[in-house]
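[1] Got a sequence here, can you build the structure:
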Amino acid sequence: MGFKEQIDYSRLPKHIAVIMDGNGRWAKGQGKVRVFGHEQGVLSVKDIVEGCVEVGIEYLTLYAFSTENWNRPKEEVDALMQILISTINKETETLNKNNIKLNAIGNIASLPQECIDDLKEAMEKTAHNEKCTLTLALSYSAKWEIIEAAKKIASAVKDNTISLDDIDEDLFSSKLTTVNIPDPELMIRTSGEHRISNYLLWQMAYTEFYFTDVLWPDFRREDLFEAIVDYQKRERRFGKISEQLN
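    Residues are numbered from 1 along each chain as shown. Below you'll find the predicted structure:
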């Protein structure tokens, strides 16, 4: 029996976050340059997005480009931006066919203008879709996001539009880039690394982590289904004891 057949559809995670890692190592193993790994990684993105739609995952967030990634060689960064532009242009129609809404979080203004324009256009064209929300974390840093939220709240306090007593988890969450998106129940990281790399630090307070040795270009929907099955074997207690959940 395959992993898809083992999924309990009454206990699906509503939101899955993914750190797509291992493109460079995969390419090196193939005797290719790193960019080749990124290009092949796009195939994995397509298959995982389709897999999420297939089983009914409502929100999927992909860590596509971190603020730290700007420190990579210029040739690689430029190639990544071109891959992003090309993929957005090619896949917008497919997103609409599959009823998928495209979203983006991060310091979008730091991206090349062509990326910003194409991303905005694709988001507008898919804004009416309702089956799944695909969020790309681009030029994203969780620390940056938290600092920006703190600045917004501090400014509101200074302007007397809110008081210190108004500040709680809900207010803080409303100032993050993920407003209106539920916190992820499951985070998947590929390539054998066991860290979260400045990704959704606030949102993943109670997220279940799933680490796999599979490199991202080799990751396919069956691997996704395996991660979901593993997640469903876990007991999510949120500080309670097992007996309180029954």
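[2] just the helices in this structure please.
    3-6, 23-29, 34-55, 74-97, 113-126, 142-158, 169-174, 221-232 (DSSP state H).
[3] Let me have these in CSV, adding mean neighbour count, mean pLDDT and distance to Glu68 as columns.
    For the C-beta atoms, the positions are set from N, CA and C on the backbone; glycine is no exception. Output for the helices of the chain, formatted as CSV (neighbours: other Cβ atoms under 10 Å; pLDDT from 0 to 100; distance: least, Cβ to Cβ, whole Å):
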stretch, mean neighbour count, mean pLDDT, distance to Glu68
helix 3-6, 13, 97, 33
helix 23-29, 19, 96, 14
helix 34-55, 19, 97, 16
helix 74-97, 15, 95, 11
helix 113-126, 16, 96, 18
helix 142-158, 15, 98, 10
helix 169-174, 12, 98, 24
helix 221-232, 20, 98, 25
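[4] Outline the domain layout of the chain.
    11-140+183-234, 142-176 (the TED database).
[5] Take those domains and write them to a markdown table, including distance to Glu5.
    Output for the domains of the chain, formatted as a markdown table (distance: least, Cβ to Cβ, whole Å):
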| stretch | distance to Glu5 |
| --- | --- |
| domain 11-140+183-234 | 9 |
| domain 142-176 | 36 |
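[6] out of those domains, which comes closest to Lys4?
    domain 11-140+183-234 (4.7 Å; Cβ to Cβ).
[7] Quick one: end-to-end distance for the closest one.
    11 Å (Cα to Cα, to the nearest Å).
[8] so who does Val18 touch?
    48, 60-63, 187-190 (Cβ atoms under 8 Å, 6 or more residues apart in numbering).
[9] What is the nearest of those residues to Thr133?
    Checking the contacts of Val18 one by one against Thr133 (Cβ to Cβ), the nearest turns out to be Leu60, at 7.3 Å.
[10] which one of the contacts of Val18 sits closest to Asp159?
    Thr61 (31.7 Å).
[11] distance of the closest one from Lys74?
    27 Å (Cβ to Cβ, to the nearest Å).
[12] for the helices of the chain, which one sits closest to Met204?
    helix 142-158 (8.6 Å).
[13] Alpha carbons of that closest one, in PDB - could you do that?
    Only the C-alpha atoms of helix 142-158 are listed here, as PDB (Å, rounded to 0.1, in the frame of the first residue of the first chain):
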ATOM      1  CA  ALA A 142      11.800  35.600   9.800                       C
ATOM      2  CA  LYS A 143      13.900  38.000  11.900                       C
ATOM      3  CA  TRP A 144      13.300  40.800   9.400                       C
ATOM      4  CA  GLU A 145       9.600  40.000   9.500                       C
ATOM      5  CA  ILE A 146       9.400  40.100  13.300                       C
ATOM      6  CA  ILE A 147      11.400  43.400  13.400                       C
ATOM      7  CA  GLU A 148       9.100  44.900  10.800                       C
ATOM      8  CA  ALA A 149       6.000  43.800  12.800                       C
ATOM      9  CA  ALA A 150       7.500  45.300  16.000                       C
ATOM     10  CA  LYS A 151       8.200  48.600  14.200                       C
ATOM     11  CA  LYS A 152       4.500  48.800  13.000                       C
ATOM     12  CA  ILE A 153       3.300  48.200  16.500                       C
ATOM     13  CA  ALA A 154       5.700  50.700  18.100                       C
ATOM     14  CA  SER A 155       4.600  53.300  15.500                       C
ATOM     15  CA  ALA A 156       0.900  52.600  16.400                       C
ATOM     16  CA  VAL A 157       1.700  53.000  20.100                       C
ATOM     17  CA  LYS A 158       3.600  56.200  19.400                       C
END
